[in-house]
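# How does the following fold in three dimensions:
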Amino acid sequence: MAMVGRSRPGLVVVLVLVAGCSASTPPDDTAPPSASVAPSQQASPAPSAEELAGQEALAAYRGMWADFVAAGTTSDWQSPDLGRHATGVALTNLSRGLYADSANGLVTRGAPVLSPEVLSVEPAGAPARVVVTDCGDSTNWLKYREEDDSLATDGPGGRRLINAVVERQSDGSWKVSDYGVQELGSC
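So this is what the prediction gives:
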């Protein structure tokens, strides 16, 4: 049986609902934007060249000591990782220290506690050299005899003043080029 001229009630309701959903009103161009950035959500200013250099230098300094700590567990004075964050006199001193430990049958256990700070950044505007100062704590970073795992140091470690020079390399990386560790109790 054909249904000519009759409508289906369900179809009419669906069409009315669809039409109601698609209707829109033109935007009010006079209303201010509703989204505003609160002061706490504003982007902080970009760090200066000096701040970035300081951050890179501190990362290189910490990286150098982390590489040294890892190599010290076996006194691997030829570890290729030593050159990741150190160069020049710093790399030579790290390797020599580990070579002496290896020759004497010593290994290092634990790790130093570092608290480095940027002392200076040079030159302003185009930093290439950063001086880092630290009061490193070697209380839990001690030498042991490899043969019997006995403590090889005369006394406990402690706090020592460390000054380091970190320089930008030709490839743009930062590496520690020199450092000096002062006597126990120097900071």
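
# all helices for the protein, in order.
Applying DSSP state H to the chain gives helices spanning 9-22, 49-72, 88-103.

# winner for burial among these?
Comparing these by mean neighbour count (mean count of other CB atoms under 10 Å), helix 49-72 comes out on top with a mean of 19. Placement of C-beta: from N, CA and C, glycine included.

# what residues does it touch?
With CB atoms under 8 Å, 6 or more residues apart in numbering as the test, helix 49-72 has contacts from 47, 77, 79, 81-82, 84-86, 90, 94, 98, 101, 107-108, 111-112, 114, 116, 118, 121, 124-127, 130, 132, 134, 136, 141, 164, 166, 168, 173-176, 179.

# same check, this time on stretch 120-134
Under the contact criterion CB under 8 Å, 6+ apart, stretch 120-134 has outside partners 49-50, 52-54, 56-58, 61, 114-119, 161-168, 174.

# 7 Å instead?
With CB atoms under 7 Å, 6 or more residues apart in numbering as the test, stretch 120-134 has contacts from 49-50, 53-54, 57-58, 61, 114-119, 162-168.

# so where is the protein shaky, pLDDT-wise?
The chain contains residues with pLDDT under 70 at 1-41, 154.

# Just the buried subset of the contacts of helix 49-72, please.
Among the contacts of helix 49-72, the ones that count as buried by 16 or more other CB atoms under 10 Å are 77, 79, 82, 84-86, 90, 94, 98, 101, 107-108, 111-112, 114, 116, 118, 121, 127, 130, 132, 134, 136, 141, 164, 166, 168, 174-176, 179.

# Show me what stretch 171-182 is in contact with.
Stretch 171-182 is contacted from outside by 56-57, 60-61, 64, 85-90, 160-169, using CB under 7 Å, 6+ apart.

# out of everything not next to it in sequence, what's closest to residue 177?
Nearest residue to residue 177, sequence neighbours excluded (CB to CB, 6 or more residues apart in numbering): residue 88, at 4.3 Å.

# how much space is there between the residue nearest the centre of the chain and residue 52?
The geometric centre of the chain, computed from its C-alpha atoms, lies nearest to residue 59 (CA atoms, centre = their mean), at 5.4 Å. According to CB to CB, to the nearest Å, residue 59 stands 11 Å off from residue 52.

# Residue 131 now?
Using CB to CB, one gets 16 Å for the distance from residue 131 to residue 52.

# sorry, back to before: so which of the helices of the chain is nearest residue 43?
helix 49-72 (15.6 Å; CB to CB).

# can you state the direction angle for the closest one and helix 88-103?
Note on geometry: by axes from the mean of the first three to the mean of the last three CA atoms, to 10 degrees, helix 49-72 and helix 88-103 are set 20 degrees apart in direction.

# roughly how far out does helix 49-72 sit from the chain middle?
Using CA atoms, centre = their mean, to the nearest Å, the distance from the centre of helix 49-72 to the centre of the chain it belongs to is 8 Å.

# Kindly report the same for stretch 72-90.
Distance, stretch centre to chain centre, for stretch 72-90: 19 Å (CA atoms, centre = their mean).
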